[in-house]
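[1] what follows is a predicted protein model with its sequence.
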Amino acid sequence: MKLFSVRRNQMDTLFQNITVITMDPACPVMEHAYLGVHGEKIVWLSKDAPEEPSAHVIDGTGKVLIPGLQNTHTHIAMTALRGYADDQTLTEWLFGNILPAEAKMNNDLVYHAARLGILEALASGTTSICDMYFHSPEIARAAKELGIRAHVGNPPFELGDGFSMEDRSVLETEELIRDYADDPLITPTIGVHAIHNSNPAVWRWVNDMAERHDLPVVLHLSETMPDVESSLAKYGKTPTVALRDSGMLARPVTAAHCVHLTDEDIAIMKEYGLSVASCPVSNLKLASGIAPLARLKEAGVNITLATDGVASNNTLDLFEEMKLSVLLQKNLTGDASALSAWDALTFATVNGNIAMGRGERCGRLLPGYEADLAMLDFTAPHLNPCHNVISHVVYAAHGSDVELTMVRGRTVYENRRFPGIDMAEEIRRVNELVAKYLA
């Protein structure tokens, strides 16, 4: 393990006597360790204390540090629709309830619902979201204010054959590009809602904008069998083949769900470096199916984890996604070794950062990496005794075990509090707006 020496005025925060899950295969876990942060970076990791004192020391006895979790596909403002339409088929849920409710949502409700969702995410150790929703500038504003990393966009949902440059998604994309070019936290995205509800005119716009502005591409892909059947009927191709032929795979692509895939689809994903954002809880709740993660991993596809929107989950807790992602594959394949706890944590940390374009600087707790991290309290009964700390993080821990979350070296959540945030007022405001617009 390479150590960085620092001076006193270069150490802002020091975690001492703490267990660190580094996500470095050469040294995955370091116990009784010291981890130091200066600015946005980790500058010290050792079993030895640095000679210089730190401005702020955190006693890590009974605590565990993990890299910040990456929620690579969500609709964060759907916090406003938590429990709004449960236990229904996807068609009934979406067209009968969710889309009509979303039509009533305005900038104010989306902004405040996004804030509440981001606070929920931060409190459960998530340091980055990839969000796809309308009123996207309001979501970017909320993310920037609260200090979470966010990929933000509003891909068009186009059921017809045309496409207007006055479409709200076009105008919002242009606004995001203008306001957040080279922002350290906010990354504008582009894409389509899905292949089957878009058309070649939309694809051409996406490709042009992505190339001109160096934008990552996001979309839903093969979430349900009807999605696949619709693409086959419309284009004579699976959604993945149509995506390749559209030209969008020339850019970095993160595709949500990827449940119903052929061998050809998986080979295309590997060839073009597509990242999969798997949403096991949402897929189970809507009876969409189970993504073939074991097959994808064997093929070398980059797998990440996500919650989808709260309306189909109903939380933003990535610890649930880690556990289910592994357990489902064991059942699906009949092989208890198909995926491991290490795999799940890799999906949620290292791979998520690769998908978001920062794999070289985030996702591991090592000197030189940016300090995106979460500290868990391991003194609770359900986390003891501890024979294997990585196993406990994936199979036993919950988002509520997180005591501290740090993004780019800034503590954004600690001991159930958010610096400068009145949580009761945040909740009151969202409930007030929901009662006004969605009751």
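    Cool, the structure landed.

[2] mind checking pLDDT for residue 4?
    Each residue has a pLDDT score; the one for residue 4 is 51.

[3] same question, residue 161
    For residue 161, pLDDT reads 67.

[4] what's the answer for residue 1, then?
    In this prediction, residue 1 carries a pLDDT score of 47.

[5] please apply the same query to residue 197.
    86.

[6] any idea how far residue 256 is from residue 58?
    According to C-beta to C-beta, to the nearest Å, residue 256 and residue 58 sit 36 Å apart. For the C-beta atoms, the positions are set from N, CA and C on the backbone; glycine is no exception.

[7] again with residue 229
    53 Å.

[8] between the two, which one's more packed in?
    A count of neighbours by other C-beta atoms under 10 Å puts residue 58 above the other of residue 229 and residue 58, at 20 against 13.

[9] quick one: what helix or strand has the nearest residue to the more buried one once chain neighbours are set aside in it?
    Leaving aside its sequence neighbours, residue 58 sits nearest to residue 15 (C-beta to C-beta, 6 or more residues apart in numbering; 5.0 Å). Here residue 15 sits within strand 13-21, counting by DSSP states H and E.

[10] same check on residue 44?
    strand 41-46.

[11] and that strand, what does it pack against?
    Counting contacts by 3 or more C-beta pairs under 8 Å, 6 or more residues apart in numbering; DSSP states H and E, strand 41-46 is packed against strand 29-38.

[12] show me where the stretch 101-250 of the chain has its strands.
    126-132, 149-153, 186-188, 190-194, 217-221 (DSSP state E, counting those that start in this stretch).

[13] just send those back as CSV, with distance to residue 288 too.
    As requested, the strands of the stretch 101-250 of the chain are exported to CSV (distance: least, C-beta to C-beta, whole Å):
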stretch, distance to residue 288
strand 126-132, 17
strand 149-153, 22
strand 186-188, 27
strand 190-194, 13
strand 217-221, 10
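
[14] if we can go back for a sec, surely the residue nearest to residue 58 meets residue 35?
    Yes - Residue 15 lies in contact with residue 35 (C-beta atoms under 8 Å); the separation is 4.6 Å.

[15] shared neighbours of the two, which are they?
    Common contact partners of residue 15 and residue 35 (C-beta atoms under 8 Å, 6 or more residues apart in numbering): residue 65.

[16] please tell me how far the residue lying closest to residue 433 once chain neighbours are set aside sits from residue 116.
    Excluding its sequence neighbours, the residue lying closest to residue 433 (C-beta to C-beta, 6+ apart) is residue 109, at 4.5 Å. Remark: distance between residue 109 and residue 116 (C-beta to C-beta) = 11 Å.

[17] next, the spatially most central residue of the chain: secondary structure please.
    Computing the C-alpha centroid of the chain and ranking residues by C-alpha atoms, centre = their mean puts residue 71 first, at 1.2 Å. At residue 71 the chain is in strand, as set by DSSP: H, G, I helix; E, B strand; the rest coil.

[18] not including adjacent chain positions, what is the nearest residue to it?
    Residue 71 sits nearest to residue 129 (C-beta to C-beta, 6+ apart), 4.7 Å away.

[19] what domains does the record give for the protein?
    According to automatic domain parsing, the chain comprises the domains 8-67+370-414, 69-355.

[20] which of the ones you listed sits most buried?
    Using mean count of other C-beta atoms under 10 Å, the stretch among the domains of the chain with the greatest mean number of neighbours is domain 69-355 (a mean of 21).

[21] residue 349 is in contact with residue 363, isn't it?
    Yes - using C-beta under 8 Å, residue 349 is in contact with residue 363, at 5.1 Å.

[22] and for the two, which residues touch both?
    Common neighbours of residue 349 and residue 363 (C-beta under 8 Å, 6+ apart) are 23, 67, 70.

[23] need the residues you listed in TSV (columns: distance to residue 283 and pLDDT).
    Listed next are the shared contacts of residue 349 and residue 363 as TSV, based on distance: C-beta to C-beta, whole Å; pLDDT from 0 to 100:
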residue	distance to residue 283	pLDDT
23	26	98
67	25	99
70	18	99
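
[24] related to what we said a few turns ago, shared neighbours, residue 109 and residue 116?
    With C-beta under 8 Å, 6+ apart, residue 109 and residue 116 have common neighbours residue 430.

[25] before I go, just wanted to say thanks for your time.
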